[in-house]
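Trainee: predicted model follows, preceded by the sequence.
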Amino acid sequence: MQGLHLTAELHECAAQGLLREAQALRALCLREVADAGLTPVGELFHHFGAGAGVTGVVLLAESHVAVHTWPELGAVTLDVYVCNLLNDNSGCAERLVAALQRAFAPRVVHAQRLERGSLAERS
């Protein structure tokens, strides 16, 4: 259970195409996952119809990435969780979130960081 969970809410995003196009969002996520040094094991991206957003998930050997877009609001939520039991993947998660944020080009970012499952808490 030990790992790092990063979330971010992105507002006033300039990259509207990524908010509306499932294939563009999929290509971005898979490229950035690989560039961050993480291992994809599955993925699903769903577009909700004309004018609507996209939800995308990449399952990782290390855990997951989820992206939800609202083009009508110019908003995106990011959720990246990596396990750190055998290897410390924290840097990979941080690079991934930073790269996704740059791609969406938000004016406002609200980010959260949660350290999960400390080994010190084991009995």
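Mentor: Ah, there it is. The model shown is predicted, which means the values in this text are computed figures rather than measured ones. Residues are numbered from 1 along each chain as shown.
Trainee: so which residues of the protein form strands?
Mentor: According to DSSP state E, the chain carries its strands in the segments 3-11, 40-47, 54-60, 63-70, 75-83, 108-116.
Trainee: mind listing what the second one pairs with, with the direction of each?
Mentor: In the sheet containing strand 40-47, its partner strands are strand 54-60 (antiparallel), by DSSP bridges.
Trainee: check the offset of the strand it pairs with from the chain's centre.
Mentor: Centre-to-centre, strand 54-60 and its host chain are 8 Å apart (C-alpha atoms, centre = their mean, to the nearest Å).
Trainee: repeat for stretch 44-61
Mentor: Distance, centroid of stretch 44-61 to centroid of chain: 12 Å (C-alpha atoms, centre = their mean).
Trainee: can you check stretch 10-21 too?
Mentor: Chain-centre distance of stretch 10-21: 14 Å, with C-alpha atoms, centre = their mean.
Trainee: residues making contact with that stretch?
Mentor: 24-25, 28, 47, 51, 53-54, 69-71, 73-78, 101, 103-110 (C-beta atoms under 8 Å, 6 or more residues apart in numbering). For the C-beta atoms, the positions are set from N, CA and C on the backbone; glycine is no exception.
Trainee: tell me which residues of that stretch are tucked away?
Mentor: 10, 13, 15, 18-21 (16 or more other C-beta atoms under 10 Å).
Trainee: ok, of those, which one's closest to residue 95?
Mentor: Proximity of the buried residues of stretch 10-21 to residue 95 (C-beta to C-beta) peaks at residue 10, which lies at 16.6 Å.
Trainee: from residue 108, how far out is the closest one?
Mentor: As judged by C-beta to C-beta, to the nearest Å, residue 10 and residue 108 stand 7 Å apart.
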